[in-house]
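Novice: Below is the structure, and that's it, no one-letter string:
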């Protein structure tokens, strides 16, 4: 128990420490931003510091908390639906050749229709409610999870499957111990992409359909020419996307895929 | 008889690999199945182990439980050595606490330290991985074990150690075994008798008994026998180096 706790603390420490490298990348962007600000001036592009002040200001305002909550709920529902439906149908397609033949073109069609067209349709179907944002997220992000699920199941190791069958392992055991761990390594990239897409597309749909949330606030700020507020809202959305990925999905992946780290030569580990 | 194959025939995409093949294995008997590559040795093993349904013929299994040791270790990369050894037990529904004791015993049997049990396959050497695979097979207390060229990929010194391990386990636990190999020396070391499959499906199967008990034979006698059989016309196909034409 104590050993396990120590191992967890060690892992968590390493994970947090690795944030320095990520911070370096972000600071490079900030430096470029500052440079552009000094060239174009505050009216076109507020400096990073001004923007951070504005972020600190809006974080304290109740309307922002409400808007961020709306956007978060919508992108979360969209994410859950896209990942759920996409992974499930993808996995079915991976198991059944016939299902794959049937579903691939459907996914290609969904992929081919531009998201903006889906927003127009969703506006007509759902009106000015959160439903249009959710639907747009689902439609935009579903093909990624579908492809992940399909590839993951289709490329499962049949030699390991034969080994499990030779011990009389049932369907459920084989799925849990052989297919699922393999599938997860295909699903995580799909899920991280979906999480990023969910935030972006929700804000876009909200802005275009004027249904509140951060997108709605962005539309208002644009109408008022409040450039620092526009920048602050953008930074907030990016921060949310980063937070979902690095505080939620990556730690989860790390915990689930510890065996992968074991294969790396010493010194390459993170 | 623990295992009986009667007039078994199989074909892949219309190409016959086996025809009217008969085999019977008595309790505690180790039979080596030899043959040039592509002659259908592995097919026989897969049919016997129930991993493949034969097109013709009958397979009778009169045993409780079998285990297969494959050419590659076939370990689950996301499980530690401990969990890999326990895999067959888990499939058989043995409780977790009970599994741990069996795993520790089997690890010791195949020469793995307790320290190695916490490692993932990626952290083990090729020989250790194959030891884990052997331990996984022995853990379920099989009365029939199928070996599919299990030690092809390990070096000669280690091969001998692993063969001795199998010989010892077979004598101790009285399981029957079908040992597929293309190595005559290996067959003569581990088996009671050997069967040589012909390259063509309709060719004659050569059967030879090997004098003495596996593990009790002197190295000198083993080499003499291998030497003699190498010159034997019946074993010619094993050494002519030609691959089967598909």
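Specialist: Yep, that arrived. Since the structure is predicted, the reported quantities are computational estimates derived from the model, not experimental observations.
Novice: what residues does chain B put near chain A?
Specialist: B:49-51, B:65-68, B:70, B:72, B:74, B:76-79, B:87-88, B:90-92, B:119-120, B:122-123, B:140, B:146 (CB under 8 Å from any CB of the partner chain). Where C-beta positions appear, they are placed from N, C-alpha and C, glycine not excepted.
Novice: check which helix or strand covers residue 76.
Specialist: I'll assume chain A. Counting by DSSP states H and E, the element that carries residue A:76 is helix A:62-95.
Novice: Chain A versus residue B:238, what's the distance?
Specialist: Relative to chain A, residue B:238 is positioned 26 Å away (CB to the nearest CB, to the nearest Å).
Novice: burial of the closest residue to chain A within chain B, as a residue count?
Specialist: Residue nearest to chain A within chain B: residue B:122 (3.2 Å; CB to the nearest CB). Residue B:122 has 15 neighbours, counted by other CB atoms under 10 Å in any protein chain shown.
Novice: show me the contacts for residue A:93.
Specialist: The contact partners of residue A:93, by CB atoms under 8 Å, 6 or more residues apart in numbering or on different chains, come to A:99, A:100, A:103, A:104, A:146, A:149, A:150, A:153.
Novice: I misspoke; the intended subject was residue A:231.
Specialist: A:45, A:46, A:50, A:51, A:54.
Novice: now the most centrally placed residue in chain B, what's its secondary structure?
Specialist: The centroid of chain B falls nearest to residue B:147 when counting by CA atoms, centre = their mean (1.4 Å). Classification of residue B:147 by DSSP: H, G, I helix; E, B strand; the rest coil places it in strand.
Novice: So in terms of bridging, what pairs with it?
Specialist: residue B:69, residue B:179 (DSSP bridges).
Novice: What are the phi and psi values at the residue lying farthest from the centre of chain B?
Specialist: Distance from the centre of chain B peaks at residue B:97, with 29.5 Å (CA atoms, centre = their mean). Dihedral pair for residue B:97: phi -60, psi -40, per degrees, to the nearest 10.
Novice: Can you tell me how far it is from residue A:169?
Specialist: 20 Å (CB to CB, to the nearest Å).
Novice: Please apply the same query to residue A:17.
Specialist: 40 Å.
Novice: Can you give me the neighbour number for the residue of the stretch 1-150 of chain A found nearest chain B?
Specialist: Nearest residue of the stretch 1-150 of chain A to chain B: residue A:3, at 10.6 Å (CB to the nearest CB). If you count neighbours by other CB under 10 Å, residue A:3 ends up with 7.
Novice: for chain B, which helix is longest?
Specialist: helix B:156-173 (DSSP state H).
Novice: What lies in contact with that one?
Specialist: B:28, B:30, B:109-111, B:127, B:130-131, B:134, B:138, B:141, B:145, B:147, B:150-151, B:154, B:175, B:177, B:179, B:186, B:189-190, B:213-215.
Novice: and with 6 Å instead?
Specialist: B:30, B:110, B:127, B:138, B:151, B:177, B:189, B:190, B:214, B:215 (CB atoms under 6 Å, 6 or more residues apart in numbering or on different chains).
Novice: Of those, grab the buried ones for PyMOL.
Specialist: To isolate the buried members of the contacts of helix B:156-173 in PyMOL, using 16 or more other CB atoms under 10 Å in any protein chain shown:
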select buried, chain B and resi 30+110+127+138+151+177+189+190+214
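Novice: Residue A:17 and residue A:169: which is more packed in?
Specialist: residue A:169 (21 against 10).
Novice: got the contact list for that one?
Specialist: Residue A:169 neighbours (CB under 6 Å, 6+ apart): residue B:91.
Novice: State the helix or strand in which it lies.
Specialist: Using DSSP H and E, no helix or strand contains residue A:169.
Novice: Please report how far it lies from residue B:93.
Specialist: 10 Å.
Novice: And for residue A:86?
Specialist: Where residue B:93 is concerned, residue A:86 sits at a distance of 34 Å (CB to CB).
Novice: same question, residue B:4
Specialist: For residue B:4, the distance to residue B:93 equals 28 Å [CB to CB].
Novice: next one: residue B:53
Specialist: Counting by CB to CB, the gap from residue B:53 to residue B:93 is 25 Å.
Novice: rewinding a little: go through the contacts of residue A:231 and flag which are in helices.
Specialist: Using DSSP H, those in helices are A:50, A:51, A:54.
Novice: Could you rank the residues you listed by neighbour count and give me the top one?
Specialist: Ranking the ones in helices among the contacts of residue A:231 using other CB under 10 Å puts residue A:51 first, with 24 neighbours.
Novice: before we move on, the earlier item: so which of the contacts of helix B:156-173 sit within helices?
Specialist: Per DSSP H, these map to helices at B:127, B:138, B:189, B:190.
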